[in-house]
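Enquirer: Predicted model and sequence follow; I will ask about them next.
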Amino acid sequence: MYTLVAGGGKAGANVTRSLTRMGHEVTLIEQRPDRFAQLEEEFEHQVQLGDATELYVLERAGIGRPPDLVLALTGDDEDNLIICQIAKERYGVPKTIARVNDPRNQAHFDLLGISPTVCATSSIMALVEHEVPEHDLIHLLELRKENLEIVEVQIDKDSPSAGKRVEKLPLPEGSRLISVMRNGTAEIAVGATELQPGDQVLAILEPGKEDELRRVLLKK
Amino acid sequence: MKLIVIGCGRVGSSIALQFDHEGWDVVAIDEKEEALNRLGSHWGGGFIAGHGMDVDVLRQAGIEEADAVVVATNGDNTNLVIAQVAQKRFDIQCVVVRVLDPARADFYRELGLRTVCPTKTAIDTLSEAVRSCEVPVREPAEARS
């Protein structure tokens, strides 16, 4: 497999090293001359100096073949976005993976169809939410392409939904309960399922409906 | 008519001033607060200090009601992203974007952006200027030897 990596920071360098060890062909592009010099000591001809958003730099690195995979891992979101866009739309690269540095830019990647993306801050926040007890609604999974997300809520004795059957709940449009976890056993949520205090409920919903769902399931 | 100018440097500020004089409702956006100085003391339009990739900043500038957007920050890739957001997310019909790199300017024009490449203009103008000079005709090298 041939992979082109843009951005020789820690992520780019480590990915290049790992792929090389797995026996794959990799070219790494780094634009800062001092960092390039460091990388060249280890990666020799596998690393090239240049701005990976310049077409001639990409072409020199073999984007015309095209690679099986382009990884855009620079520290600038606009660069990562443009690299993936050029790779896909101009050179027909079948798969790109982009790093998102600022989670506020995620929407731009989604808008322009650049997927999948990896954002360290968002991943950390998702884990933090899982740890912080005040977060009564935890994001488990974002299905960006489908514009849906899966969340988990815990029903307690004061919740308005406690003691009610799922079919009786005025759930917001664009949301469904998936399953109920009780005493370590999970069951698919059906209309007749009665929610009880202590239940951990998985729900699927459109992003933005969290507050409505929270009101129906949790708030008095 | 409402115009939003993103990037209020030498180019952006001049465009903002021109359209302001022509009676447009103009809002300029720049990362640096000092960029407001480029618009002079009689500036009658709006100014927002913020990054053009920040959707909240664009909304604050009133992009939802804009008739036209000019994107001229000093980063080609930043410009290309902002222009696409204006076009695809906010559905602005007239988005004009400055791209210094001729290769990217051409490619994104093919993708449907109205790109303007000052580098290309400079190349053409300079070449034309050389051609229009009256250069004395030299004899071929063989004839001199």
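Expert: Sure, I can see it. Numbering: from 1, shown residues only, chains lettered A, B, ... in the order given.
Enquirer: just the helices in the chain please.
Expert: Since you didn't name a chain, this refers to chain A. A:10-21, A:33-43, A:55-60, A:77-89, A:106-111, A:120-131, A:210-217 (DSSP state H).
Enquirer: actually chain B
Expert: So, for chain B - with DSSP H - the helices run B:10-21, B:55-60, B:76-84, B:102-110, B:118-132, B:141-144.
Enquirer: Would you mind finding the most buried of these?
Expert: helix B:76-84 (a mean of 25; mean count of other C-beta atoms under 10 Å in any protein chain shown). C-beta: built from backbone N, CA, C; applies to glycine.
Enquirer: Could you check how sure the model is about that helix, as an average pLDDT?
Expert: Averaged over helix B:76-84, pLDDT sits at 98.
Enquirer: List the residues that contact residue 51.
Expert: Reading this off chain A. A:Asp51 makes contacts with A:31, A:57, as judged by C-beta atoms under 8 Å, 6 or more residues apart in numbering or on different chains.
Enquirer: wrong one, I was asking about chain B
Expert: B:31, B:57.
Enquirer: switch to 10 Å and redo it
Expert: Residues near B:His51 by C-beta atoms under 10 Å, 6 or more residues apart in numbering or on different chains: A:102, A:104, B:6, B:29-31, B:57-58, B:73, B:78, B:82.
Enquirer: same deal with A:Leu49?
Expert: Counting by C-beta under 10 Å, 6+ apart, A:Leu49 touches A:8, A:29-33, A:35-37, A:39-40, A:57, A:60.
Enquirer: now it, which residues is it bridged with?
Expert: Beta bridges link A:Leu49 to A:Glu30, judged by DSSP bridges.
Enquirer: just A:Thr96 next, same as before
Expert: When bridges are called by DSSP bridges, A:Thr96 pairs up with A:Val70.
Enquirer: Up against chain A, what does chain B have?
Expert: Contacts of chain B with chain A, taken as C-beta under 10 Å from any C-beta of the partner chain, map to B:51, B:53-56, B:73, B:75-82, B:84-85, B:88-89, B:101-104, B:106-108, B:110-111.
Enquirer: Surely A:Ile138 and A:Glu152 touch.
Expert: Yes: between A:Ile138 and A:Glu152 a contact is recorded at 4.6 Å, counting by C-beta atoms under 10 Å.
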